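Asks: After the sequence you'll find the predicted model.
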Amino acid sequence: MKASEINKKWGELQRVIASDFDMELPDIKVMLFLIGVQELGKGPQQFSKRQKEELMHIATCRLFSAMGFYELKGLDEEGWPHWDLVKPIPNYTLLEQEMILKSLIIDYFEDTYTLS
């Protein structure tokens, strides 16, 4: 996808999620948190600051697994997924990182969430 197409779809996704969850327009961190909660599969609950960071890490690994960078190792005794880095992630610029993350988040929600 071109940057303009990514930004257009990103804006649409933000509006849908904001409406569905009755919230302000979510940024990348909020989207990663939502994906992490979904991937954890335990439903909404209270999370500590550390758990929220771990949920965002889970989301990042899940998203980058689509590009072959991570592979699901398995679940720990509490049911939290753990990932292995299988190939190094290139040193992208900040803009490239943002565009890649937005594109992967869009793909994730298109695959797993019914967008209204």
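Replies: Received it, and whenever you're ready, just let me know what you need. Keep in mind it's a predicted model, so treat the numbers as computed, not measured. Residues are numbered from 1 along each chain as shown.
Asks: can you give me how far the strand or helix carrying Phe64 is from the chain middle?
Replies: Applying DSSP states H and E as the criterion places Phe64 in helix 49-65. Distance of helix 49-65 from the chain centroid (C-alpha atoms, centre = their mean, to the nearest Å) equals 7 Å.
Asks: List the contacts of the most centrally placed residue in the chain.
Replies: Centroid check for the chain by C-alpha atoms, centre = their mean gives Leu32 as the closest residue, at 3.7 Å. Residues in contact with Leu32 (C-beta atoms under 8 Å, 6 or more residues apart in numbering) are Leu55, Met56, Ala59, Thr60, Leu101, Ile105. For the C-beta atoms, the positions are set from N, CA and C on the backbone; glycine is no exception.
Asks: mind checking the end-to-end distance for stretch 81-95?
Replies: Distance between the two ends of stretch 81-95: 28 Å, counting by C-alpha to C-alpha, to the nearest Å.
Asks: Buried residues of that stretch, list them for me.
Replies: Judged by neighbour count using 16 or more other C-beta atoms under 10 Å, the buried positions of stretch 81-95 are Pro81, Trp83.
Asks: which sections of the chain are below the confidence cut-off?
Replies: In the predicted model, the chain carries pLDDT under 70 at residues 114-116.
Asks: Where do the strands of it begin and end?
Replies: For the chain, the strands defined by DSSP state E cover 70-75, 81-85.
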